[in-house]
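Asks: okay, sequence plus prediction incoming.
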Amino acid sequence: SQKIEQNSEALNIQEGKTATLTCNYTNYSPAYLQWYRQDPGRGPVFLLLIRENEKEKRKERLKVTFDTTLKQSLFHITASQPADSATYLCALADYYKLSFGAGTTVTVRA
Amino acid sequence: DSGVTQTPKHLITATGQRVTLRCSPRSGDLSVYWYQQSLDQGLQFLIQYYNGEERAKGNILERFSAQQFPDLHSELNLSSLELGDSALYFCASSVDLAGRNEQYFGPGTRLTVT
């Protein structure tokens, strides 16, 4: 069956450092991969989308890579800030639906 | 503000009851998705509608049903409620089908079954 795994349940980093989150998947060949941010008790917010034929995508301090051979996506937050503290969700997409990973909670210490 | 509205914000009901959750998508979006999020299950896809037609089903129980109306708003009906149905229910919308378009999530409805 399809499986999506995101790295360690929580990531604690110092302000200004780079946070790197991992999303691994098995038994899946997604055409697209998306990343969302979720704050406690609120709906997820879209951050980035990357297609299977793209290796890397950037948006401001965020960078996503997508390696379909390794079946892995890496999500980087550079120059992290306390306001970046949240849970980040990886979502694999086929034509009709998204399947979400469990998420990685990031806490950025001032 | 994502532009997606959900009502009610909170719902407390007893086991065995039936409830209806309502969602209005962003203006112009034709696709509506329903998700369930509980502490131990993460965000689970339930069902998707596109311009009034059901297009994809996920882990939706037979006790649950949904529909999308001509004005594109959607309702999720949950019946014979059990304690385990307590969760946050999110509605999301997108301009087109999933995957190649970002989804915009509503604020959610928190359902508590006692």
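Replies: Right, received. Where do you want to start?
Asks: switch to C-alpha atoms for all contacts and neighbour counts from now on
Replies: Noted.
Asks: what does chain B have sitting close to chain A?
Replies: B:41-45, B:48, B:55-56, B:90, B:97-108 (CA under 8 Å from any CA of the partner chain).
Asks: with adjacent residues omitted, what lies nearest to residue 100?
Replies: In the absence of a named chain, chain A is used. In this structure, residue A:100 finds its nearest non-sequential neighbour in residue A:91, 4.3 Å apart by CA to CA, 6 or more residues apart in numbering or on different chains.
Asks: that's the wrong chain, I wanted chain B
Replies: Counting by CA to CA, 6+ apart, residue A:32 is the residue found nearest to residue B:100 once chain neighbours are left out, at 6.4 Å.
Asks: picking up where we left off before, can you turn the buried part of the residues of chain B next to chain A into a PyMOL selection?
Replies: Buried residues among these (16 or more other CA atoms under 10 Å in any protein chain shown), as a PyMOL selection:
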select buried, chain B and resi 43+44+45+48+55+56+90+97+98+99+100+101+102+103+104+105+106+107+108
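Asks: now intersect the residues of chain B next to chain A with the helices, please.
Replies: Assigned to helices by DSSP state H, none of the residues of chain B next to chain A qualify.
Asks: if we can go back for a sec, burial check on the residue nearest to residue A:100, number of neighbours?
Replies: Residues lying near residue A:91 (other CA atoms under 10 Å in any protein chain shown) number 23.
Asks: phi, psi for it please.
Replies: Per-residue torsions, residue A:91: phi -140, psi 130 (degrees, to the nearest 10).
Asks: please identify which helix or strand holds the closest residue in space to residue A:72 that isn't next to it in sequence.
Replies: In space, residue A:72 comes closest to residue A:24 once its chain neighbours are excluded; the distance is 4.5 Å by CA to CA, 6+ apart. Using DSSP states H and E, the element containing residue A:24 is strand A:19-26.
Asks: what does chain A put close to chain B?
Replies: For chain A, the residues in contact with chain B (CA under 8 Å from any CA) are A:31-34, A:42-46, A:49, A:51, A:92-103.
Asks: how close does the closest residue to residue B:7 other than its chain neighbours sit to residue B:2?
Replies: Closest residue to residue B:7 apart from its sequence neighbours, by CA to CA, 6+ apart: residue B:22 at 5.3 Å. Applying CA to CA, to the nearest Å, the value for residue B:22 to residue B:2 is 16 Å.
Asks: what do you get for residue A:106?
Replies: Counting by CA to CA - residue A:106 and residue B:2 are separated by 23 Å.
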